[in-house]
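>>> Based on what follows, work out the 3D shape:
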Amino acid sequence: MGHEISIIRPDREPLVLAVDDSSYRRREIMGEDELVLNFSLAVYEEIPAGSTVTFEGDTYTLFQPCRVDKRGSRNFEYQATFNADYAYLKKYMFYNWVDKRLSFDLTARPWEHIQMIV
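Numbering: from 1, shown residues only. Predicted structure coming up:
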């Protein structure tokens, strides 16, 4: 990546920073869609869960606190993993309302899938 990105933090001003070349985005068909940002700052900055980033037209949200490593007195290395919006569904389970099972094949119409979210 190697360019500037803006992290929108709730209740704070946006944080504009340059990310390291080791940052990446991983998108898989029927799998994860995440943006991993690695960057260093001279001062500690709080990046709370709920912060968002827009990258190439897609919006990613920070669900877990980012990892911060202190290297010396003036070097803080961050690793923040932002997930796509569908990661909100990880908080929920599918429930088969016909036979009350939680484990089953997902073969149904879209409106039936919406009904199965607990």
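>>> For this protein, just list every one of the helices.
Counting by DSSP state H, the chain has helices at residues 110-116.
>>> Low-confidence regions, it specifically.
The chain contains residues with pLDDT under 70 at 1-2, 104, 118.
>>> could you pull out the strands for it?
Per DSSP state E, the chain has strands spanning 4-8, 15-18, 24-27, 33-41, 52-55, 58-62, 67-70, 76-84. These are given in chain order.
>>> Dump those into JSON lines; add mean neighbour count as well.
In this view, the C-beta of every residue, glycine as well, is placed from N, C-alpha and C. JSON lines is the format used below for the strands of the chain (neighbours: other Cβ atoms under 10 Å):
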{"stretch": "strand 4-8", "mean neighbour count": "16"}
{"stretch": "strand 15-18", "mean neighbour count": "14"}
{"stretch": "strand 24-27", "mean neighbour count": "12"}
{"stretch": "strand 33-41", "mean neighbour count": "19"}
{"stretch": "strand 52-55", "mean neighbour count": "16"}
{"stretch": "strand 58-62", "mean neighbour count": "18"}
{"stretch": "strand 67-70", "mean neighbour count": "12"}
{"stretch": "strand 76-84", "mean neighbour count": "18"}
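>>> Asp105 is nearest to which of the ones you listed?
Using Cβ to Cβ as the measure, strand 33-41 is the one of the strands of the chain that comes nearest Asp105, at 22.9 Å.
>>> How far away from the center of its chain is that closest one?
Distance of strand 33-41 from its chain centroid, counting by Cα atoms, centre = their mean, to the nearest Å, is 10 Å.
>>> That strand vs strand 76-84, what angle?
Between the axes of strand 33-41 and strand 76-84, defined by axes from the mean of the first three to the mean of the last three Cα atoms, to 10 degrees, the angle is 160 degrees.
>>> Adjacent strands (with direction) for strand 33-41?
Strand 33-41 has the following strand partners under DSSP bridges: strand 24-27 (antiparallel), strand 76-84 (antiparallel).
>>> Output it in CSV with nothing but the alpha carbons.
Output of strand 33-41 as CSV, limited to C-alpha atoms (Å, rounded to 0.1, in the frame of the first residue of the first chain):
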residue,chain,number,x,y,z
ASP,A,33,-12.9,-9.3,3.6
GLU,A,34,-10.5,-7.5,5.9
LEU,A,35,-8.0,-4.6,5.7
VAL,A,36,-4.9,-5.0,7.9
LEU,A,37,-3.1,-1.7,8.5
ASN,A,38,0.4,-1.6,10.0
PHE,A,39,1.8,1.8,10.9
SER,A,40,4.1,3.6,13.3
LEU,A,41,3.5,6.8,15.3
